[in-house]
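*Asks:* Turn this into a model:
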Amino acid sequence: MIFKLFRRTPRDNTIACLYGTIVAQARLPAFYQIYGVPDTVDGRLEMIMLHTVLFLRRLESETAPIRALGQGLFDRFCRDMDDSMREMGVGDLAVPRNMRRIGEAFYGRQAAYRVALEAPDDEPLAAALDRNVFADGSEPGPAFRLAVYVREAVRRLAAQDGFERAQLAFPDPEQVLLCARSTRIRQ
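*Replies:* The predicted structure follows:
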């Protein structure tokens, strides 16, 4: 009887697959080698948060059962961050404080990206990405390149369904940049 509490449900497997897709996308070398995202713990965290925010934004337009995947996904993100901190040697007493900071950062980025994505041009989005992902603010180019990718990811996510079957695909970041360059050349 008690073993039912510890069994994984199909929903748990779906959430694990969706989150795995988000993490795999966020870890693609193109973001760090071509887009200039800092290849650091913070840079990788920013990319996981960015992709999670984009996916959760997409789920907002779905029916209630599909939207419920969003809470499960956020919970999975939090467990992953907790586990990662413990693996890095953060002490048990410091983990809750750090988790609160990560949660605040996540919700802050979610709000900033939501507002920026409503804008007709890429200026606000690039500014939000520059502030969060490229915190050094050395040059605006990488943030604008990443903004082009984010717009394409939003467009592609809008055309997808099947999330309850763990079907999720993000655009290839290298192809997005190549297409953006070739379009600019033609104009």
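
*Asks:* SS state for residue 110?
*Replies:* helix (DSSP: H, G, I helix; E, B strand; the rest coil).

*Asks:* From what I see, it and residue 54 are in contact.
*Replies:* No: counting by CB atoms under 8 Å, residue 110 stays clear of residue 54, with 9.8 Å between them. C-betas here are computed from N, CA, C, even on glycine.

*Asks:* Around the residue nearest to residue 70 when sequence neighbours are not counted, how many other residues sit close by?
*Replies:* Spatial nearest neighbour of residue 70, excluding adjacent residues (CB to CB, 6 or more residues apart in numbering): residue 59 at 4.4 Å. Neighbours of residue 59 under the rule other CB atoms under 10 Å: 18.

*Asks:* Which residue ranges of this structure form helices?
*Replies:* Under the criterion DSSP state H, helices of the chain are mapped to 10-26, 29-33, 41-59, 64-87, 95-118, 123-132, 141-158, 173-186.

*Asks:* Out of those helices, flag the one nearest residue 167.
*Replies:* helix 10-26 (8.8 Å; CB to CB).

*Asks:* Mind listing what's buried along that closest one?
*Replies:* By neighbour count on 16 or more other CB atoms under 10 Å, the buried set for helix 10-26 is 14, 15, 18, 19, 21, 22, 23, 25, 26.

*Asks:* can you check stretch 104-124 too?
*Replies:* 106, 109, 110, 112, 113, 116, 117, 122, 124.
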